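Visitor: Could you look at this predicted model? Sequence included:
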Amino acid sequence: MSAMPLLAALDRLIQDKPYLMQTPGHKMGRGAPEDLLARFGRATLCYDMCEGQELDDLHNPQGALAEAQAMLATHYGADASFFLVNGSTAGVQALLCTACGPKDALVLPRLAHRSAVSGLITAGARPVWAPIKWSCGWGLPLGMDVTATIDVLRSSRARAVLATNPSYWGGICDLSRLAVVCQDMNSTLIVDEAWGGHLHLLPDYASRTALAVGAAGCVQSAHKTLGALNQAAWLHSTGRLPLEELQEWLRIFQSSSPSYLLLASLDAARAQLASHGHALLKRAAALAQEIARTVANWPGFRVMDRADAQNEGIADLDPCRLVISALDGGWSGWKLASELLSAGVRCELAGPGSVLLLITMADDESILPKITPLFQRLSRRLESGEPDEHLSLARSLCLSPPPMPEVVMAPREAFLADASPCRLSQAAGKVSASLVAPMPPGLPLLCPGELITDDVIDYLARCGCQGEIRVLTGDGIVD
């Protein structure tokens, strides 16, 4: 068995030097645009192939792809695993549509990704939103509120629960508590674990993963915290979902012309985890903690740690995520991100109260001479009292979490209903037909089927959302 069966199959095909009379049209780079060829190189474009006998078929794998996915399942301890070329978005949608049908209730936290809303629209399921842990001190939704989620599940007796764990900001909830209640109530637990594909190899965190607590299935973005190419992800199933139905949904949500560059990167990312993952992730976690300790000692900065998370009611914190705030020094997260960008450092996200930095297997000690002196220089500027014109707005957004609108009708019903554009400022009392979920991170501020109130309009306006929104006409107007 090859360590990377799909990549090996691609190697063999390229070495045979076939003359392609098939897609893709650039035919191993020969017909690629010169500008693209000059940047990517012929060697890379040769791997941009399509499905065939030698390379297997993503939608009916029998050969190299089947072998690669089986090795992935073995690595994570899943009953079955699947490569995703349409990102975790496709996986979340497929899991949701397998777990829920029309009018079924689904419990999910109000920090679920926008892909969950599109899954609700497709499945026709009814959302039952659970409150989350909002941190006013950091100005962000730190993670799921497990106690509130369990209460919502018990009162709604929902068919399934979609958990988001860890959160975008690294908050890790006690998923095992939720899993026990789901099992007792015969409710299917599926998990958007897009940001947690690395946690199983960190000893202190392995027991908190979706597969470890017995979830029916989970999705992980191998491109987010691991080494796969952007958009590449994978899905794991533990056999508590009907496998044939899950595969049918994956065929619906995934391209019929999957990129073999993405598929090969997933094969290689899994092999990297199996051979070097423990050491690389141990290094990444240690490096993140060293940066955190250093930056936290400089005036004007705070760096979120485990104690901060636990004080906010969150069980743990991803050790490879750095949430840094300069609010105490007088800067918003937007201002801090702008200054970092001016120095050549791009953040994962800038929020009103903090910035988010990711440390991955790609990072080593060589980044320290750039990162640590940079924050030291910024600290001096904070001490000098350099102003931030957006500070007042940032602090107000930190203290007021997004309102949770009333669900008037199922998202699918609202999405398919007659609708027309309306100025957001004039939309109070109407029912939204739109999904408002700014990227990143794609968390829903307003979903189809939700009542638009003055509070919602005010919050969206302060977040910079303006212009028109689609609202229901006729029966969509609420007195």
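Guide: Alright, I've got the coordinates.
Visitor: Now do stretch 76-86: everything it contacts.
Guide: Contacts with stretch 76-86, where a contact means C-beta atoms under 8 Å, 6 or more residues apart in numbering, come from 58, 65, 68-70, 72-73, 90-91, 200, 211, 219, 231-239, 243, 247, 250, 253-255, 258-259, 262-263, 266-267. To be clear about C-beta, it is placed using only N, CA and C from the backbone, and glycine gets the same treatment.
Visitor: Just the buried ones from those residues, in PyMOL syntax?
Guide: Buried members of these can be picked out in PyMOL with the line below, counting by 16 or more other C-beta atoms under 10 Å:
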select buried, resi 58+65+68+69+72+73+90+91+200+211+219+231+232+233+234+235+236+237+238+247+250+253+254+258+259+262+263+266+267
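Visitor: which residues does residue 153 contact?
Guide: Residues near residue 153 by C-beta under 8 Å, 6+ apart: 107, 130, 161, 178, 181, 182, 185, 187.
Visitor: how about a cut-off of 7 Å?
Guide: When contacts are counted by C-beta atoms under 7 Å, 6 or more residues apart in numbering, residue 153 is found next to 107, 161, 181, 185, 187.
Visitor: Can you tell me the element it falls in?
Guide: Taking DSSP states H and E as the definition, residue 153 sits inside helix 146-156.
Visitor: for the record, mean pLDDT for that helix?
Guide: Mean pLDDT, helix 146-156: 98.
Visitor: Heading C-terminal from it, find the next helix or strand.
Guide: Defined by DSSP H and E, the subsequent element after helix 146-156 is strand 160-164.
Visitor: thinking again about what came up before, can you pull the buried residues of the helix holding residue 153?
Guide: Neighbour count says helix 146-156 has 146, 147, 149, 150, 152, 153, 156 buried, by 16+ other C-beta under 10 Å.
Visitor: which among the residues you listed gets closest to residue 326?
Guide: Among the buried residues of helix 146-156, residue 146 lies closest to residue 326 (C-beta to C-beta), at 30.5 Å.
Visitor: Surely the closest one is in contact with residue 173?
Guide: Yes: the criterion here is C-beta atoms under 7 Å, and residue 146 meets it with residue 173 at 5.0 Å.
Visitor: least trustworthy helix or strand in the chain by mean pLDDT?
Guide: helix 454-462 (a mean of 87; mean pLDDT, DSSP states H and E).
Visitor: So what's the gap between that helix and the chain middle?
Guide: 25 Å (C-alpha atoms, centre = their mean, to the nearest Å).
Visitor: Tabulate the CA atom coordinates of that helix in PDB.
Guide: Extracted C-alpha coordinates of helix 454-462, given in PDB (Å, rounded to 0.1, in the frame of the first residue of the first chain):
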ATOM      1  CA  ASP A 454     -35.100  47.900  14.700                       C
ATOM      2  CA  ASP A 455     -32.500  46.300  16.900                       C
ATOM      3  CA  VAL A 456     -31.400  44.100  14.100                       C
ATOM      4  CA  ILE A 457     -31.200  47.000  11.700                       C
ATOM      5  CA  ASP A 458     -29.200  49.100  14.200                       C
ATOM      6  CA  TYR A 459     -26.700  46.300  14.700                       C
ATOM      7  CA  LEU A 460     -26.300  45.600  11.000                       C
ATOM      8  CA  ALA A 461     -25.800  49.300  10.400                       C
ATOM      9  CA  ARG A 462     -23.100  49.600  13.000                       C
END
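Visitor: Kindly calculate the angle that whichever helix or strand comes after that helix makes with helix 454-462.
Guide: Later in the chain than helix 454-462, the nearest helix or strand by DSSP H and E is strand 468-472. Interaxial angle, strand 468-472 versus helix 454-462 (axes from the mean of the first three to the mean of the last three C-alpha atoms, to 10 degrees): 150 degrees.
Visitor: Right, I'll call it a day here.
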